[in-house]
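A.B. asks: Quick one: sequence and predicted model below, then my questions.
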Amino acid sequence: MVIMWKYIDKRSAAIAVIRDFENMQFILENTPDYLPDDDIMKNRYIQARDYMDWFLPAWDRLNEEDRLILELFYGSKNTYKSSIVHQLADQLYIEPTTVYKRKNRAIDKLTILLFGEK
């Protein structure tokens, strides 16, 4: 193990990865097929493509419920976390405390899939 991994908060990094998804998707969908000699635009496109190549296989390995929970908690459309908890509790027929437990379990799974360990 590289020693620096010990000091990186991989869980927070996994949450940041989820939050970046829509931005990366936007870049890929809105970059012209022909990239001009604009290094900034080209670098952003390459970064977005590399992000998707890394993120999507991990995301796809999560089950549907885990993806739903993580999207609702950390996606860009969530501004009111407490209402999300109650929405998920009603939708999944579980207690709000169980929603938090499942959210934590899902983010732990994604962290391992992305970084190899928590």
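C.D. replies: Yep, that arrived.
A.B. asks: For stretch 33-47, give me every contacting residue.
C.D. replies: Outside stretch 33-47, the residues within contact range by Cβ atoms under 8 Å, 6 or more residues apart in numbering are Met24, Ile27, Leu28, Thr31. The way it works is simple: take the backbone N, C-alpha and C, and place the C-beta from them, glycine included.
A.B. asks: From the residues you listed, keep the buried residues only.
C.D. replies: Taking 16 or more other Cβ atoms under 10 Å as the criterion, what is buried in the contacts of stretch 33-47 is Met24, Ile27, Thr31.
A.B. asks: Just give the nearest non-adjacent residue to the second one, would you?
C.D. replies: Think Ile27. Ala48 (4.0 Å; Cβ to Cβ, 6 or more residues apart in numbering).
A.B. asks: which ones are touching that neighbour?
C.D. replies: Remark: with contacts taken as Cβ under 8 Å, 6+ apart, Ala48 is in contact with Asn23, Met24, Gln25, Ile27, Leu28, Thr31.
A.B. asks: What separation do you get for the closest residue to the second one other than its chain neighbours and Phe26?
C.D. replies: Beyond its immediate neighbours in the sequence, the residue positioned closest to Met24 (Cβ to Cβ, 6+ apart) is Ala48, lying 4.2 Å away. Plainly put, Ala48 is 8 Å away from Phe26 if you go by Cβ to Cβ, to the nearest Å.
A.B. asks: before we move on, what about Lys42?
C.D. replies: Using Cβ to Cβ, Lys42 is found at 16 Å from Phe26.
A.B. asks: before we move on, what about Glu95?
C.D. replies: Computed with Cβ to Cβ, the distance linking Glu95 and Phe26 is 36 Å.
A.B. asks: now swap in Phe73 and tell me
C.D. replies: Note on Phe73: its distance to Phe26, by Cβ to Cβ, is 21 Å.
A.B. asks: who's more crowded, the two?
C.D. replies: The residue with more neighbours, out of Phe73 and Phe26, is Phe73; 19 against 11, by other Cβ atoms under 10 Å.
A.B. asks: Where does the more buried one sit, in terms of helix or strand?
C.D. replies: Using DSSP states H and E, Phe73 sits within helix 64-74.
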